[in-house]
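Trainee: what follows is a predicted protein model with its sequence.
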Amino acid sequence: MIGTRYVAYGLALRSSFRLPGMVPTDAAGLPTLDLGFATPAELATAWSGADGAPVWRGRLGDGSDLTIEQGSAGDLLFTNGARACFRLDSRKRRLACAPRDPGLDWQRTLLTKVLSSISVMRGYEALHASAVESPRGAIAIAAPSGMGKTTLAFELMRRGWPLLSDDVLALASTRGGVRAFPGTPHMNVAARPARGLASQEIGTTLAILAGERWVAAHRTAHAACSLSAVCLLERAPGLTLDVRMLPGNPLLLAPYMLGLPDDVERERRRFELYADLTESVTLLRVSCDVTDRPADVADLIERTLSDRPAPLALGATR
């Protein structure tokens, strides 16, 4: 029944259908998640019914709504407006997908929102950031939506650094420290790329959805890696192009920590992970005007990091 294997957000996916833009691969030792189709009627029958108010409700970047509900039997229901519903079983190991729209919109929601949410439910932490893999380790760009994370990540990719993840970066504590896990290869960019950004450099265009070009990047990371730097991006009229070192304070990352309502123990583990992370990475505040070229911002980040000592390899002793 399970036809194709993929890896994303620290999960080993076993899917009965092909996932657009993803390269089949396998990985040992990762939590597994089975994906399959269901009809809306089958999903409604299997759903145990909402147990209280939604766990999360919000509007996605494409203008559609996403609601996550906890079921009375411990299962979860993801509803992407009228496009699709997804039911995660109580063990969080099987996801039934019931699309109502034959297009790719529902699959973009699945790959970029639903799977990253399940990753958090399975124990990973998530940072609202895009990231690339440099020779020194992963470089993450954390910022609110619409600030330019993807554009800056693409500029760093043009230097030969593969995409690690766009928009959501999955993290986990290991014996050697905090590791960053590859997401999917997808990026959302303007339908008409900015001057100097040829669309073929970005990746293969899968579709134009809600005025954006949904692409699968050509160069992507394939394994978890350590983080070298986290850049907090601020882009607004009147700001000077500048990079400033920040102290290793996990509270500085609080606005970019993603998660669902959790118990006290989970919150404690989350804080410990980010405390460990900020002790081991270079934390930068990157500011720029809206008219500054992404290439100039990337140049400044690269020069700043080249002056910093390389982080200790995972497993090395201090």
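Mentor: Good, I have the coordinates.

Trainee: now Arg18, what's its secondary structure?
Mentor: coil (DSSP: H, G, I helix; E, B strand; the rest coil).

Trainee: just Ala44 next, same as before
Mentor: Classification of Ala44 using three-state DSSP returns helix.

Trainee: run a quick neighbour tally on it.
Mentor: For Ala44, the count of nearby residues is 14 (other Cβ atoms under 10 Å). Where C-beta positions appear, they are placed from N, C-alpha and C, glycine not excepted.

Trainee: mind pulling up the pLDDT for it?
Mentor: Ala44 carries a pLDDT value of 96.

Trainee: so which elements touch the lengthiest helix in the chain?
Mentor: Using DSSP state H, we find that the single longest helix of the chain is helix 264-280. With contacts taken as 3 or more Cβ pairs under 8 Å, 6 or more residues apart in numbering; DSSP states H and E, helix 264-280 sits against strand 125-134, strand 168-174, strand 177-181, strand 225-235.

Trainee: please name every helix or strand in contact with whichever helix or strand comes after that helix.
Mentor: Later in the chain than helix 264-280, the nearest helix or strand by DSSP states H and E is strand 282-288. Contacts defined by 3+ Cβ pairs under 8 Å, 6+ apart place strand 282-288 against strand 225-235, strand 242-245, helix 294-306.

Trainee: can you pull the contacts of Thr67?
Mentor: Contact partners of Thr67, counting by Cβ atoms under 8 Å, 6 or more residues apart in numbering, are 54, 56-57, 77-79.

Trainee: about what we covered before: wait, which of the helices and strands packed on strand 282-288 is closest to Pro261?
Mentor: Among those, strand 225-235 comes nearest to Pro261, with 24.7 Å by Cβ to Cβ.

Trainee: ok now the closest one, how far from the chain's centre?
Mentor: Chain-centre distance of strand 225-235: 14 Å, with Cα atoms, centre = their mean, to the nearest Å.

Trainee: put the alpha carbons of it into CSV.
Mentor: Below are the C-alpha coordinates for strand 225-235, written out as CSV (Å, rounded to 0.1, in the frame of the first residue of the first chain):
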residue,chain,number,x,y,z
CYS,A,225,23.1,19.3,10.5
SER,A,226,24.2,21.6,13.2
LEU,A,227,23.3,25.3,13.2
SER,A,228,26.1,27.9,12.8
ALA,A,229,24.1,31.1,12.9
VAL,A,230,20.6,32.5,13.4
CYS,A,231,19.9,35.9,11.7
LEU,A,232,17.0,37.9,13.0
LEU,A,233,15.9,39.9,9.9
GLU,A,234,14.4,43.4,10.2
ARG,A,235,13.4,45.1,6.9
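
Trainee: and it, which strands flank it?
Mentor: Sheet partners assigned to strand 225-235 using DSSP bridges are listed as strand 137-142 (parallel), strand 177-181 (antiparallel), strand 282-288 (parallel).

Trainee: skip ahead from the shortest one and say which helix or strand is next.
Mentor: Okay, so that is strand 177-181. Per DSSP H and E, the helix or strand that comes after strand 177-181 is strand 186-190.
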